[in-house]
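Novice: Give me a 3D structure for the following:
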Amino acid sequence: MSDAWDTAWGPSGPHQGAGQRRNPAWTLDANAAEGATVLLLGLEDLQGECWAVLVDAGILIERAADVTGALRTLTARPVPVVIASARWAQALMNAIRAQPELPAIHVVVAAALDSPNELRTALDAGADDVMRVPFEPEVLSARVGAGLRAARLRANEALMRSLVTNIPGALYRCACDADWTMEWLSDEVERLTGARCATARSRSAHAPVGRHREC
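Specialist: Numbers count the residues shown, from 1 in each chain. Okay, here's the model as predicted:
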């Protein structure tokens, strides 16, 4: 593939005159984990070269014919980013919200550039991002890169919440200053000490927030 891009991609194929640019696949390399997948829902008119920038970065492209098929894929294996057509946006978001085990997915809705109705539908769906079609490779690369970072952050937060919930005792984080100022405490501190987390956070590690006896 050429290392220069001078087209934007839409349902009718390449749109000339977008200006020559370097291959943007490199912007995804640092973000794309080995075997990362982008799932396409709808967007049947966008084939092949439209997604080449993702393939060049080592990202796998899968397609789903409908929301049921998308959920089947999303629950079967990790898929950090979904790009959906506007007509599937609301149904997809409703389905994902109903699945609490899918908190890390980043959803991008594609809306036609010349369709205010599609843009309104995309925005009303409450997706994480909206991308206009036709799009340039740089735009696709940037949106997917941001989605991969967001999905990774959400997955880390979900893991942290799970650890905090299941580890016995209280967890805390304090600043490395003279007072060891409290920055974060788990909710368990209230049961152990009787002090609410907001109150405990306002104190230093040297100031007792309560006493707890094991026996």
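Novice: where are the low-confidence patches of the chain?
Specialist: By pLDDT under 70, the weakly predicted segments of the chain are 1-35, 103, 155-164, 194-215.
Novice: domains of it?
Specialist: 4-165, 169-215 (automatic domain parsing).
Novice: Just the element for A52, please.
Specialist: Secondary-structure assignment from DSSP states H and E places A52 in helix 52-56.
Novice: next structured bit after that helix?
Specialist: strand 60-64.
Novice: Please report the distance of I105 from A146.
Specialist: Using CB to CB, to the nearest Å, we find I105 at a distance of 14 Å from A146. Bear in mind the C-beta positions are built from the backbone N, C-alpha and C, glycine included.
Novice: So between these two, which is more surrounded?
Specialist: Each of I105 and A146 has its neighbours counted (other CB atoms under 10 Å); I105 has more, 22 against 16.
Novice: Now do the helices in this protein.
Specialist: For the chain, the helices defined by DSSP state H cover 26-29, 52-56, 67-76, 86-97, 116-124, 137-166, 188-193, 197-201.
Novice: and those helices as a markdown table, adding distance to V109?
Specialist: A markdown table is the format used below for the helices of the chain (distance: least, CB to CB, whole Å):
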| stretch | distance to V109 |
| --- | --- |
| helix 26-29 | 20 |
| helix 52-56 | 17 |
| helix 67-76 | 13 |
| helix 86-97 | 4 |
| helix 116-124 | 4 |
| helix 137-166 | 11 |
| helix 188-193 | 39 |
| helix 197-201 | 37 |
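Novice: To A36, which of the ones you listed lies closest?
Specialist: helix 137-166 (6.4 Å; CB to CB).
Novice: since we're on G48, how many residues are nearby?
Specialist: Neighbour tally, G48, other CB under 10 Å: 9.
Novice: show me the contacts for it.
Specialist: With contacts taken as CB atoms under 8 Å, 6 or more residues apart in numbering, G48 has no neighbouring residues.
Novice: Can you tell me how far it is from T37?
Specialist: 18 Å.
Novice: repeat for V144
Specialist: Distance, V144 to T37, by CB to CB: 11 Å.
Novice: More neighbours: which of these two?
Specialist: Of the pair V144 and T37, V144 is the one with more neighbours under other CB under 10 Å, namely 28 against 19.
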